[in-house]
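Participant: Could you look at this predicted model? Sequence included:
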Amino acid sequence: MNAAAEIQIESVSMFYKDNKGNDIHALNNVSIDIQKGEFISLLGPSGCGKTTLLRIIADLLEPSMGKVTVCGQTPKETRMQQKYGIVFQNPVLYDWRTVKNNVRLPLEMMKINKTEQNSRIEKQLELVGLTNFKNHYPHQLSGGMQQRVGIARALAIQPEILLMDEPFSALDEFTREKLNEDLLRIWSKTNKTVIFVTHNISESVFLSDRVCVLSPHPGRLSAIVDIDLPRPRTREIRETPEFFSLVSKIRNSFEGV
Amino acid sequence: MTDKLKSTLWPLSIGVLTLLIWQLGGFHALLDLKPFQLPVPTGIASTLAQNLTKALRDCGITVSGAIVGMIIGSSIGFLIAVVATVFPKWGYGGLTVVSAFNAIPIVALSPIMNRWFSTGMGQKIGVVTVVTMAAMAINAYRGLTDLKPFSLDLMKSYAANRRTVFFRLRLPNCLPSVFTALKINITSSMIAAIVSEYFATSTSGLGFGIKDNLRKAEMAMGWSYITIAALAGIVLYLIISMVERRAVKWHASQRIK
């Protein structure tokens, strides 16, 4: 075990019953160390437990066995200190709040003063390129723009760790690639630790420092692949032989799919 | 703008045409009716003009009973929905009981309330209260519990307590459903108030006016009351719709094309 790791996942297993009463073995003995400032992807097909693992780290689920340590404490303590910024599969914007007030929501709950709230909102909306839409309601935005608001809201609380659960899976390929580039630009400015769940191999290669490949039934870690592509990465890197060889290396590391 | 004009013009011209056919004896010829069986519109209008003060006083009595009853009934319904949300285990049973109330016919309810309350107004309010409870309870419960996926997770990640979840998420989320219930209730409260007056011992209100005049074969006067009742219903509905448009302009049903 590396004591300096920001997030330590130690032999985590997860069992539960589904709504038909069948036993589901969602995760089997998964251990990963994640360093501070690292961009890690959890990659795998559906049923591999990648979202379950993310939810365990976020303290939205408790593991059946094993333990997770975040910044030297339990996930619950980390959650109660509001050190997690989470971006979900859909933007989860509150329809009755304008863009800027959606970003304001967590800040209100943290009892941050109004001036500070406004300056953080300005800053985050500028970062995601939505300054001109701050007074719009969510239904007036495209899916990609809504997800950007979700990212701005997650970053506004200045989290230690950004947890992203297939944030771009509902978007079309063009929007997804654009948002991938935007995400890297934002990440390079903030240097948060990012855990990014995806089922898209090239997305995980493009974004990550390391890709954790998970295989299903039961969900288990089959490989951790270092992505040694230089940064900053731009769209041209998707065309390089190195990129392709990493993609096929990952594709070949799946077991039992 | 032209679309809006069209959508107003069509129903309006159909309404005018209907009145014209009615006035010129079209319906009388069609259904083989004599004018004393179905008075013509001008006859109804002149009768109404002569008795306007009395008709408006009766209208005021019925409308105030309907509104007070609707406010009490909707408030109780909303409270039940809140209880069912906060204490799901036994609150849901309460919701079922209230829906059963909805099945009691107004013609049964009115004589019962007549025994319970000594005044016509009390009886009216009693009937309307029972009639409007269920629609609000069921709709508000749906609005309070039918949350977008992950919105509870988002709140949990902010370490929000139940109180915060209620006021920041559930309450605003149920506003559109509350207005749906109010729109149902404003119509049914007028019907309930009018029907309850059929069975009341008091000799005021639109319901009594309709019953009494039709019984005495004062057809023009009876139709005057019917006209006033219809107009009152439309005006009340429009008022609720106007408030709704201002209060939930963020909601899908209120989006201006």
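Facilitator: Yes, it's here. Numbers count the residues shown, from 1 in each chain, chains lettered A, B, ... in the order given.

Participant: Might you name the residue of chain A sitting closest to chain B?
Facilitator: Proximity of chain A to chain B (CB to the nearest CB) peaks at A:Phe88, 4.2 Å away. In short, each C-beta sits where N, CA and C put it, glycine included.

Participant: is it true that that residue touches B:Met155?
Facilitator: No - checked against CB atoms under 8 Å, the pair A:Phe88 and B:Met155 is beyond contact range at 11.9 Å.

Participant: Enumerate every residue touching the closest residue to B:Ala84 other than its chain neighbours.
Facilitator: Excluding the flanking residues, the one nearest B:Ala84 by CB to CB, 6 or more residues apart in numbering or on different chains is B:Gly91, at 3.2 Å. By CB atoms under 8 Å, 6 or more residues apart in numbering or on different chains, B:Gly91 lies in contact with B:80, B:83-85.

Participant: Highest neighbour count among those residues?
Facilitator: The member of those surrounded by the most neighbours (other CB atoms under 10 Å in any protein chain shown) is B:Ala84, with 24 neighbours in all.

Participant: List the residues that contact it.
Facilitator: Each residue near B:Ala84 by CB under 8 Å, 6+ apart is listed here: B:91-92, B:94-95, B:137, B:141.

Participant: nearest residue to the residue of chain A closest to chain B other than its sequence neighbours?
Facilitator: Closest to A:Phe88 by CB to CB, 6+ apart is B:Phe150, at 4.2 Å.

Participant: Can you tell me which of the contacts of B:Ala84 is nearest A:Glu166?
Facilitator: Checking those against A:Glu166 by CB to CB gives B:Tyr141 as the nearest, at 31.1 Å.

Participant: isn't that closest one right up against B:Val98?
Facilitator: No - using CB under 8 Å as the test, B:Tyr141 is too far from B:Val98 to be in contact (9.6 Å).

Participant: Next, check the contacts of B:Gly91 against the helices and list the overlap.
Facilitator: Secondary structure from DSSP state H places B:80, B:83-85 of the contacts of B:Gly91 in helices.

Participant: returning to what we had before: would you mind listing the two of the contacts of B:Ala84 that lie farthest apart?
Facilitator: Distance extremes for the contacts of B:Ala84: the farthest pair is B:Tyr92 and B:Ala137 at 10.9 Å, using CB to CB.

Participant: neighbour count winner among those two?
Facilitator: B:Ala137 (30 against 14).

Participant: What strand or helix carries the closest residue to that one other than its chain neighbours?
Facilitator: Leaving aside its sequence neighbours, B:Ala137 sits nearest to B:Gly77 (CB to CB, 6+ apart; 3.8 Å). Per DSSP states H and E: B:Gly77 is located in helix B:52-86.

Participant: Can I get the following helix or strand past that helix in PDB, CA atoms only?
Facilitator: Per DSSP H and E, the first helix or strand lying C-terminal to helix B:52-86 is helix B:88-101. Backbone C-alpha positions of helix B:88-101 (Å, rounded to 0.1, in the frame of the first residue of the first chain) are rendered in PDB as follows:
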ATOM      1  CA  PRO B  88     -43.900   6.700   3.900                       C
ATOM      2  CA  LYS B  89     -44.900   3.700   6.000                       C
ATOM      3  CA  TRP B  90     -48.200   4.800   7.300                       C
ATOM      4  CA  GLY B  91     -48.600   8.000   5.200                       C
ATOM      5  CA  TYR B  92     -49.300   6.000   2.100                       C
ATOM      6  CA  GLY B  93     -52.200   4.200   3.700                       C
ATOM      7  CA  GLY B  94     -53.700   7.600   4.500                       C
ATOM      8  CA  LEU B  95     -53.400   8.500   0.900                       C
ATOM      9  CA  THR B  96     -55.400   5.500  -0.100                       C
ATOM     10  CA  VAL B  97     -58.100   6.400   2.400                       C
ATOM     11  CA  VAL B  98     -58.400   9.900   1.000                       C
ATOM     12  CA  SER B  99     -58.700   8.500  -2.600                       C
ATOM     13  CA  ALA B 100     -61.600   6.400  -1.300                       C
ATOM     14  CA  PHE B 101     -63.300   9.700  -0.200                       C
END
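
Participant: Now helix B:88-101: buried residues?
Facilitator: B:91, B:94-95, B:98, B:101 (16 or more other CB atoms under 10 Å in any protein chain shown).

Participant: Compute the distance between the spatially closest residue to B:Ile67 that is not a sequence neighbour and B:Ala66, please.
Facilitator: Among residues not flanking B:Ile67 along the chain, B:Ser189 sits closest, at 7.2 Å (CB to CB, 6+ apart). Using CB to CB, to the nearest Å, one gets 4 Å for the distance from B:Ser189 to B:Ala66.

Participant: Overlap of the contact sets of these two?
Facilitator: Counting by CB under 8 Å, 6+ apart, the shared contacts of B:Ser189 and B:Ala66 are B:Val128.

Participant: Just name the shakiest helix or strand of chain B by mean pLDDT.
Facilitator: The helix or strand of chain B with the poorest confidence is helix B:88-101; it has a mean of 83 (mean pLDDT, DSSP states H and E).

Participant: how far out from the middle of the chain is that one?
Facilitator: For helix B:88-101, the separation from the chain centroid amounts to 23 Å (computed by CA atoms, centre = their mean, to the nearest Å).

Participant: Buried residues, the helix or strand following it. List them.
Facilitator: Sequence-wise, the next helix or strand downstream of helix B:88-101 (DSSP H and E) is helix B:106-116. With burial defined by 16+ other CB under 10 Å, the residues of helix B:106-116 counted as buried are B:106, B:109-110, B:113-114.

Participant: now stretch A:87-100
Facilitator: The neighbour-count criterion (16+ other CB under 10 Å) identifies A:87-100 as the buried residues of stretch A:87-100.

Participant: Could you tell me the end-to-end distance of that stretch?
Facilitator: 17 Å (CA to CA, to the nearest Å).

Participant: Tell me who's in contact with the residue of chain A closest to chain B.
Facilitator: Counted by CB under 8 Å, 6+ apart, A:Phe88 has contacts A:150, A:165, A:167, B:149-150, B:153-154.

Participant: wait, which of those is closest to A:Ala5?
Facilitator: A:Asp165 (21.3 Å).

Participant: Give me the neighbour count for the closest one.
Facilitator: 23.

Participant: Quickly list what it is bridged to.
Facilitator: Judged by DSSP bridges, the bridge partners of A:Asp165 are A:Val197.

Participant: how much space between it and B:Trp223?
Facilitator: A:Asp165 sits 64 Å away from B:Trp223, going by CB to CB.

Participant: where in chain B is pLDDT low?
Facilitator: B:1, B:252-257 (pLDDT under 70).

Participant: again, but for chain A
Facilitator: In chain A (pLDDT under 70), the answer is A:1-3, A:255-257.

Participant: residues from it in reach of chain B?
Facilitator: Neighbours of chain B within chain A, by CB under 8 Å from any CB of the partner chain: A:55, A:58, A:60, A:79-82, A:84, A:86, A:88-90, A:92, A:94-97, A:105-106, A:109-110, A:137-139, A:157.

Participant: So which of the residues you listed sit within strands?
Facilitator: Judged by DSSP state E, the subset of these located in strands is A:84, A:86.

Participant: Measure how far stretch A:211-221 is from the centre of its chain, please.
Facilitator: On the basis of CA atoms, centre = their mean, stretch A:211-221 sits 17 Å off its chain's mean C-alpha point.
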